[in-house]
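Visitor: fold the following for me, if possible:
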Amino acid sequence: LPRRSPAPSLPLADFNYGADEYDAEGNEEPKALPEGSETMPYIDESPTMSPQLSARGQESGDGVSPTPTDGLGTGGEREAGKGLEMRKLVLSGFLASEEIYINQLEALLLPMKPLKATATTSQPVLTLQQIETIFYKIQDIYEIHKEFYDSLCPKVQQWDSNITMGHLFQKLASQLGVYKAFVDNYKIALETAEKCSQSNYQFQKISEELKVKGPKDSKESHASVTMEALLYKPIDRVTRSTLVLHDLLKHTPADHPDYPLLQDALRISQNFLSSINEDIDPRRTAVTTPKGETRQLVKDGFLVELSEGSRKLRHVFLFTDVLLCAKLKKTAVGKHQQYDCKWYVPLADLVFPSPEESEHCPQVHVIPDHELEDMKMKISAIKSEVQKEKANKGQSRAIERLKKKMFENEFWLLLNSPAIPFRIHNRNGKSYLFLLSSDYERSEWREAIQKLQKKDLQAFVLSSVELQVLTGSCFKLRTVHNIPVTSNKDDDESPGLYGFLHVIVHSAKGFKQSANLYCTLEVDSFGYFVSKAKTRVFLDTTEPQWNEEFEIELEGSQSLRILCYEKCYDKTKLNKDNNEIVDKIMGKGQIQLDPQAVQTKNWHMDVIEMNGIKVEFSMKFTSRDMSLKRTPSKKQTGVFGVKISVVTKRERSKVPYIVRQCIEEVEKRGIEEVGIYRISGVATDIQALKAVFDANNKDILVMLSDMDINAIAGTLKLYFRELPEPLLTDRLYPAFMEGIALSDPAAKENCMMHLLRSLPDPNLITFLFLLEHLKRVAEKEPINKMSLHNLATVFGPTLLRPSEGESKAHLTLASDIWSHDVMAQVQVLLYYLQHPPISFTELKRNTLYFSTDV
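Guide: Numbering: from 1, shown residues only. As a prediction, the model looks like this:
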């Protein structure tokens, strides 16, 4: 291969128009872009595309899918019909280019079989290893597209406006992992092909003239193309498919069954493009470095900076030799937008201060959890109001008002939830502090900077003109266009998953030396990532076997991240700052939570590879309405899933034994545990405890004293969650909902006390017993970080949520029922938690409780 091809470039197809305008300080409402200011991303033609192929390809639809001409797809009544007509045009164009692509892949695969056959002879052209590297994943890509083409072709040929094909595109998008593997290997494949070509004349001849079949209806039977040009095709293809998805969506009516499927496929494709863009796109360049090399943009994104004591949203740009922190200037509508540089640090001068060096840094003011939870509840409530307005064909002005409110609330959350410090220090004096919500992201930034610092960098000072040019280039070069909040998403984009993800972290291997190892799990909710679970530390091993199961609540989540850490026990490094994570990240990886793949009843096993480490895990997903079910136990001899009156009568007790024992154990050794009742215990431990309580085993007390305290707390929550009817009963549930909504304090007090009095005795005594315990837990809030509000959030739904028959009527949208009902359930429990002590005898004696005294 005489010519070297430049590294490929994938233009990021980011079609989120109109959401660009924001004010980084959060002071001004977002503005819509003026009409007609859409800009289509360019399509990067293959750098080494042979002229014959390029010319013919354009005739036969190998370019952009057809764009609507004037008069098509416009005009009120004609729109839907014309849209479907346009779909056919877009699809036929795409099919033609898909046929060419399959022929190109076929041509690439053709020499593979004979090459493999000679590899085992005495005179091989290439070794099996070289063949594997050069043709890596081509066969898989070919099969995926062949199946897609064969399924789509008949649909387009027998066209009918009701035809559905969204599932085909969704399936195609779900198989993008194969492309990721291909892209990761692309450079090595090219280099190997080039080396083999130089050292082997036979292979050089083969790779210079591969024969590509012409399309069925074309006069040309074959065209000659180089292997190098063909190896580029898959990279070009992903961008094409993404553009076609966008065109299809434009011309698919919103109520068409394909619409949500295409939307999902587009989301997956765009996420994929943005994830590989920085790996293979070297052309995002700015002005030159002091050495005269081109300065390139390596990474950019939104981060929260703590500046002069307050939190500001910044857009941070990492170039080859400089880190630049900017904010978007306020501009009038229609004016060209620009960034304003707040500061920059040349990478030659940039250091990460160690925790002990950063003690003099400003302490981070952390917003209490309950305020963040409150805000999430508000956002969910607004979301369901928007859904209701849409369902009732509400006024667009009312919807816009709600959306604006939602944006403001989400922006507040984005600004105030991060608490993990990421410190940057300039050797010449000044330090900067960012706050992140995810250690995964912090390590991505750190690694990207450290990788660039391995090169021989020079310190420099930018003149004001240079700084202006560099800051000016940010707008064109940026890869992240929108603040990561859900209100920036298109209405029909996948809302993510709501419910519970069960994850078992099995084991890991690939460590070079023994270490003390643990994993954490992060998921995204409300647009940003947070850590949700942590395995125990496995001491001094190269092959940790955790086998721990976690139940993670998902709030519109689309990805799961796993981080593997080495535990730091060095006292000198442990910092006073609670949120400082000093343990060393050994590896990290993430997977998309594909709703189709995850929503099965069975466990789905998977492996995440990170830096040579493989972490094995399994997962299954329960949607929120499934997890809301209370199912009575078939065997009435146990305690789980059995009515509380049956259990107390059998035990001749006022409060079930399981409740007393778990509470006693938590008060003995868990009351100062950070996040008690909020952090999930290991599911296998909880199941073991459930089994011994159900069997009334003699070893219960021994087992309790040895068990991890979070598992005991989890068992207590599970007991209440699995009661066949909630502790506060199905019968009284509507009345509790009405009582908590009363605004007159005296009326509310009377009603809430009357409702308690109406509970059956076992329910009431158990509730009061639990109430006093939770108040004692909250007294330790400075240590355990569990306020009354946090405890109400954890226990409210568990104690109040109606059983299946009752809640059927409430179930609409999973996220919708969740926000409204859960908010009220939390408020009911919080009311009683904040109330002066309530005694059983007092309650029964007073028919009008505190009636005048409020």
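Visitor: restrict the helix or strand harbouring Gln687 to CA atoms and write it as CSV.
Guide: If you go by DSSP states H and E, Gln687 is part of helix 683-695. The C-alpha trace of helix 683-695 is given here as CSV (Å, rounded to 0.1, in the frame of the first residue of the first chain):
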residue,chain,number,x,y,z
ALA,A,683,-28.8,-9.0,47.8
THR,A,684,-27.5,-12.5,48.5
ASP,A,685,-27.0,-11.7,52.2
ILE,A,686,-30.5,-10.2,52.4
GLN,A,687,-31.9,-13.4,50.8
ALA,A,688,-30.0,-15.5,53.3
LEU,A,689,-31.5,-13.5,56.2
LYS,A,690,-35.0,-13.7,54.7
ALA,A,691,-34.6,-17.5,54.5
VAL,A,692,-33.6,-17.9,58.2
PHE,A,693,-36.4,-15.6,59.4
ASP,A,694,-38.9,-17.5,57.3
ALA,A,695,-37.7,-20.8,58.6
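Visitor: which parts of the helix or strand just after that helix are buried?
Guide: Following helix 683-695 in sequence order, the next helix or strand is helix 700-706 (DSSP H and E). Neighbour counts over helix 700-706 (16 or more other C-beta atoms under 10 Å) mark 700, 703-704 as buried. Quick note: C-beta positions are derived from backbone N, CA and C, even for glycine.
Visitor: let's see helix 700-706 as CSV, backbone CA atoms only.
Guide: Extracted in CSV, the C-alpha atoms of helix 700-706 (Å, rounded to 0.1, in the frame of the first residue of the first chain):
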residue,chain,number,x,y,z
ILE,A,700,-30.9,-16.2,63.6
LEU,A,701,-29.1,-14.2,66.4
VAL,A,702,-25.7,-15.6,65.5
MET,A,703,-26.2,-14.8,61.9
LEU,A,704,-27.5,-11.3,62.6
SER,A,705,-24.4,-10.5,64.7
ASP,A,706,-22.1,-11.6,61.9
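Visitor: domains in this structure, by residue range?
Guide: Here the domain assignment for the chain is 79-279, 286-363+419-483, 497-626, 644-804+812-847, based on the TED database.
Visitor: among the ones you listed, which is nearest Ser396?
Guide: Between Ser396 and these, the tightest spacing by C-beta to C-beta is seen for domain 79-279, at 14.3 Å.
Visitor: quick one: that closest one to chain centroid distance?
Guide: For domain 79-279, the separation from the chain centroid amounts to 27 Å (computed by C-alpha atoms, centre = their mean, to the nearest Å).
Visitor: with stretch 771-784 instead?
Guide: The answer for stretch 771-784 is 33 Å, by C-alpha atoms, centre = their mean.
Visitor: renumber starting at 38 from here on
Guide: Sounds good: first residue 38 from here, last item stretch 808-821.
Visitor: neighbouring contacts of it?
Guide: By C-beta atoms under 8 Å, 6 or more residues apart in numbering, the surrounding residues in contact with stretch 808-821 are 700, 703-704, 708-714, 823-825, 828, 832, 869-870, 874-875.
Visitor: out of the residues you listed, which are inside helices?
Guide: When DSSP state H is applied, the contacts of stretch 808-821 are split such that 700, 703-704, 825, 828, 832, 869-870 fall in helices.
Visitor: okay, and Leu303 sits in which element?
Guide: Short version, using DSSP H and E: Leu303 is in helix 295-317.
Visitor: so which of the buried residues of helix 737-743 comes closest to Gln167?
Guide: Using C-beta to C-beta, those come closest to Gln167 at Met740, 58.2 Å.
Visitor: wait, the closest one sits on Ala728?
Guide: No - using C-beta atoms under 8 Å as the test, Met740 is too far from Ala728 to be in contact (10.0 Å).
Visitor: between the two, what contacts are shared?
Guide: Joint contacts of Met740 and Ala728 (C-beta under 8 Å, 6+ apart) are Asn734.
Visitor: give me the number of residues near the closest residue to Arg124 other than its chain neighbours?
Guide: In space, and not counting its chain neighbours, Arg124 is closest to His288: 4.9 Å by C-beta to C-beta, 6 or more residues apart in numbering. Applying other C-beta atoms under 10 Å, we find 22 residues neighbouring His288.
Visitor: and His288, what's its pLDDT?
Guide: Looking at His288, its pLDDT reads 82.
Visitor: now the helices for the stretch 788-891 of the chain?
Guide: Assigned by DSSP state H, counting those that start in this stretch, the stretch 788-891 of the chain shows helices spanning 798-816, 818-821, 825-837, 841-844, 851-870, 877-882.
Visitor: need the strands for the stretch 238-387 of the chain, in chain order.
Guide: Secondary structure of the stretch 238-387 of the chain (DSSP state E, counting those that start in this stretch): strands located at 247-250, 259-262, 322-325, 331-344, 347-356, 359-365, 376-383, 387-388.
Visitor: pull up the pairing partners for the longest one, direction included.
Guide: It stands for strand 331-344. strand 322-325 (antiparallel), strand 347-356 (antiparallel), strand 468-473 (antiparallel) (DSSP bridges).
Visitor: so which of the ones you listed is nearest Lys336?
Guide: Taking the strands paired with strand 331-344 one by one with C-beta to C-beta, strand 347-356 is closest: 4.4 Å.
Visitor: wait, what's in contact with the closest residue to Ile681 other than its chain neighbours?
Guide: Once flanking residues are discounted, Ile681 sits nearest to Pro799: 5.0 Å by C-beta to C-beta, 6+ apart. Residues near Pro799 by C-beta under 8 Å, 6+ apart: 681-682, 684-685, 691-693.
Visitor: alright, calling it a day.
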